[in-house]
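Engineer: would you be able to build a 3D model of this:
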Amino acid sequence: MADRCVPSKATTWSSTPGTKEAFLQRALAAQAAYLPEVRAEIGPESAEWISAQTFFSDQTAIEEFILFEQSRYAGVDLKTAGALMMNDYSYILAAATVPLITGFGLIPGLSPASVGLRFYTTEKLHEGKIYRARRAHVQFVESLFWYGQLDKDIDGERLRTELEKHFRPVVEQIHTKTGLSRAALWRLAGDAIAYLFLDTGRRFEIVETAKTAAMRILKVSGSPLANRELHYFELAEFDQHQQEVRETFLQRGGCCRFYLVEGGAYCSTCVLKTPADRDDELRRAFRNQLGIA
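Structural biologist: Residues are numbered from 1 along each chain as shown. Sure, this is the predicted structure:
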């Protein structure tokens, strides 16, 4: 049933019958069906939600988040806890936001005061092991949505501005609490955004358009989100029928420092790997997926 909420290609309000409110609800339903662990919703303030501004102004809440990250693995120092916290939170914000722009041309207002959060703890598979993870559902304000198009420069610029507005206090607070550099934290935010653009591009069957939009947003000179290492790349293999199969991957620009924890390792597209080692590992996994290993 959820697939009925997913368009075959990106749409905008102007190309869809019905009211703006109905279109917004359709987009939110599609996002929730795609990423139920981070549902995007709209609604009034209530006791169930805490604004991002309030959360990241609460020193106790931040310290508890850091302690949670340190409890997930053995040997997590403060900087690594900061990287893991930024990784988790960046994914939450990107997961709630990027599908709306990629699939529907919707850009929510991301001022920390207008974004509500409802945190919870779940379990996730990482590098073959199950670990606890912090996730949250996200609430936006209905009146603070813009309707645009993914391939329009002005709309990409608006989304970048909103993302930077949201992440500035997040970066500042995590940097202050953990000592991890601001640049390292911004790189992790960029990684999460770029990953969600790629994944939602696949979901809505507009991979190339989504990739182009992501790089246009994340490569603006002077933006804290910009870094040289972040990019997409392709690898090709031949399947059992000798048909070429190509896959797009994201080269991360930041490092989550997972390799520093007890039993940890470099992520498959870690920025610290050489391209040759990275590609060799990815090709092995790709061949396994194709059944030709």
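
Engineer: any idea which helix or strand comes after whichever strand or helix holds residue 30?
Structural biologist: According to DSSP states H and E, residue 30 maps onto helix 20-34. On the C-terminal side of helix 20-34, the nearest following helix or strand under DSSP H and E is strand 40-42.

Engineer: list the helices and strands that following strand packs on?
Structural biologist: helix 20-34, helix 78-104, strand 129-140 (3 or more CB pairs under 8 Å, 6 or more residues apart in numbering; DSSP states H and E). All C-beta spots, glycine's among them, are computed from the backbone N, C-alpha and C.

Engineer: tell me the most buried of these?
Structural biologist: When the helices and strands packed on strand 40-42 are scored by mean count of other CB atoms under 10 Å, the highest mean neighbour count falls to helix 78-104 (a mean of 25).

Engineer: tell me which helix or strand comes right after that one.
Structural biologist: Taking DSSP H and E, what comes next after helix 78-104 is strand 106-108.

Engineer: show the subsequent helix or strand relative to that next one.
Structural biologist: Taking DSSP H and E, what comes next after strand 106-108 is strand 116-126.

Engineer: outside of that next one, which residues touch it?
Structural biologist: Here strand 116-126 makes contact (CB atoms under 8 Å, 6 or more residues apart in numbering) with 37, 43, 45, 48-52, 55, 68, 92, 130-140, 258.

Engineer: what do you get if the cut-off is 7 Å, keeping everything else the same?
Structural biologist: Under the criterion CB atoms under 7 Å, 6 or more residues apart in numbering, residues 37, 45, 48-52, 55, 130-139 lie in contact with strand 116-126.

Engineer: re the thing from before, okay if I get the helices and strands packed on strand 40-42 as TSV plus mean pLDDT and distance to residue 262?
Structural biologist: Listed next are these as TSV, based on pLDDT from 0 to 100; distance: least, CB to CB, whole Å:
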stretch	mean pLDDT	distance to residue 262
helix 20-34	93	34
helix 78-104	97	11
strand 129-140	91	12
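
Engineer: redo the ones you listed as JSON lines? Include distance to residue 160.
Structural biologist: Shown next, in JSON lines, are the helices and strands packed on strand 40-42 (distance: least, CB to CB, whole Å):
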{"stretch": "helix 20-34", "distance to residue 160": "20"}
{"stretch": "helix 78-104", "distance to residue 160": "11"}
{"stretch": "strand 129-140", "distance to residue 160": "17"}
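
Engineer: figure out which of the ones you listed is closest to residue 173.
Structural biologist: Of all these, helix 78-104 sits nearest to residue 173, with 9.7 Å by CB to CB.

Engineer: next one: residue 159 from residue 78, what distance?
Structural biologist: Per CB to CB, to the nearest Å, residue 159 is found 32 Å from residue 78.

Engineer: how about low-confidence regions in the stretch 51-200 of the chain?
Structural biologist: By pLDDT under 70, the low-scoring segments of the stretch 51-200 of the chain are 126-127.

Engineer: do that again at 90, thanks
Structural biologist: Across the stretch 51-200 of the chain, the ranges flagged by pLDDT under 90 are 73, 123-133, 142-143, 148-151.

Engineer: quick one: closest of the helices and strands packed on strand 40-42 to residue 188.
Structural biologist: Going by CB to CB, the one of these nearest residue 188 is helix 78-104, 4.5 Å.
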